[in-house]
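Novice: pasted the sequence and its predicted model underneath.
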Amino acid sequence: MNPTIELFGVSVFYGDKQAIMPTNLSIFPQKVTTIMGPSGSGKSTLLRTMNRMNEFTHGSRTEGRVVYRDVDIYSRGIDPAEVRTRIGIVFQKQNPFPKSIYDNVAFGPKINGYRGNMDDLVEQSLREAALWDEVKDRIRKSAYDLSGGQQQRLCIARALATDPDVLLMDEPCSALDPKATLQIEDLIKKLAEDRTVVLVTHNMHQASRVADWVAFMNFDRHNHMGYLHHFGNKHDTFVNPRDEVVEAYVTGRFG
């Protein structure tokens, strides 16, 4: 199985400070890859290298190669906006636009010049995000009228409306209650049937429920850099970890 995304020697700098040591990582299609680890290990930073979102942080610099379907997305001439259309992202905090539910979902396609039936696309995206039945009678009302969990699913629908091949998710459940969290987790597993999903989570129980593959980031306290300590499948991470550090983390003895 060829990876959808491959990282080769990827390092991230903020000004003169190196945040992540050179990292090699493969992200496989139609699987959920979770990135977990203690605070400060560079989980979100690593995630954002995968669609060039780090470029929005002043002074950041990414070195190495990030190859998406045989194309290095950091190569000269590559349009970052096109990259982010193919590799979408959902953030930690629900961030709907101050618009209607409909206009939130339609925003990306309009910007990209979508010429199909917008009503059908909005409905399809909301259905894929498991939200349509809850909002179909009020899609012209403000997105701010939705609950926190509904707002997060709306943000997922907004990302899906541009038909991304890969969906990056940066701790999407951290501000949600247990019921909403389980809804998002069920949605993540459903989305991975057709797409590649990369999920950053601080919740190892969540990772154990949804992950196919696990990238465990750690933090070097001597040089203050994050690094990839372990990459393996769910069984080798949670059921029968062979690495003492990983075992200590998943059993709650550190982290």
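Specialist: Arrived safely.
Novice: quick check: bridge partners of residue 220?
Specialist: Per DSSP bridges, the residues bridged to residue 220 are residue 225.
Novice: begin at 18 from here
Specialist: Taking 18 as the first residue, the last one we looked at is residue 237.
Novice: hmm, it is touching residue 244, no?
Specialist: Yes: using CB atoms under 8 Å, residue 237 is in contact with residue 244, at 6.1 Å. In short, each C-beta sits where N, CA and C put it, glycine included.
Novice: list the residues that contact both of the two?
Specialist: With contacts defined as CB atoms under 8 Å, 6 or more residues apart in numbering, the residues shared by residue 237 and residue 244 are residue 38.
Novice: looking at these two, which is more packed in?
Specialist: Each of residue 237 and residue 244 has its neighbours counted (other CB atoms under 10 Å); residue 244 has more, 18 against 12.
Novice: list the residues that contact the more buried one.
Specialist: Shown in contact with residue 244 (CB under 8 Å, 6+ apart): 37-38, 40, 58-59, 234-237.
Novice: where's the dip in pLDDT among those residues?
Specialist: Minimum pLDDT across the contacts of residue 244 is recorded for residue 237, with 87.
Novice: which residues in the stretch 168-272 of the chain form strands?
Specialist: 183-187, 213-217, 230-237, 242-250 (DSSP state E, counting those that start in this stretch).
Novice: export those as a markdown table, with columns for distance to residue 155.
Specialist: Compiled in a markdown table, the strands of the stretch 168-272 of the chain are given as follows (distance: least, CB to CB, whole Å):
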| stretch | distance to residue 155 |
| --- | --- |
| strand 183-187 | 25 |
| strand 213-217 | 28 |
| strand 230-237 | 38 |
| strand 242-250 | 42 |
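Novice: between these, which one is closest to residue 158.
Specialist: Among those, the nearest to residue 158 by CB to CB is strand 183-187 (25.9 Å).
Novice: please identify which helix or strand holds residue 167.
Specialist: Assigned by DSSP states H and E, residue 167 belongs to helix 165-177.
Novice: quick one: buried residues of that helix?
Specialist: Residues 166-177 are the ones in helix 165-177 that count as buried (16 or more other CB atoms under 10 Å).
Novice: same deal with stretch 140-151?
Specialist: For stretch 140-151, the neighbour count (16+ other CB under 10 Å) marks 140-143, 145-149, 151 as buried.
Novice: just give me the closest of those residues to residue 132.
Specialist: Closest approach to residue 132 among those (CB to CB): residue 141, at 15.5 Å.
Novice: from residue 249, how far off is the closest one?
Specialist: Going from residue 141 to residue 249 by CB to CB, to the nearest Å gives 35 Å.
Novice: next, count neighbours for the nearest residue to residue 236 once chain neighbours are set aside.
Specialist: Leaving aside its sequence neighbours, residue 236 sits nearest to residue 58 (CB to CB, 6 or more residues apart in numbering; 4.5 Å). Counted with other CB under 10 Å, the neighbours of residue 58 add up to 24.
Novice: wasn't residue 58 part of a strand?
Specialist: No: looking at residue 58 with DSSP: H, G, I helix; E, B strand; the rest coil, it is coil, so not inside a strand.
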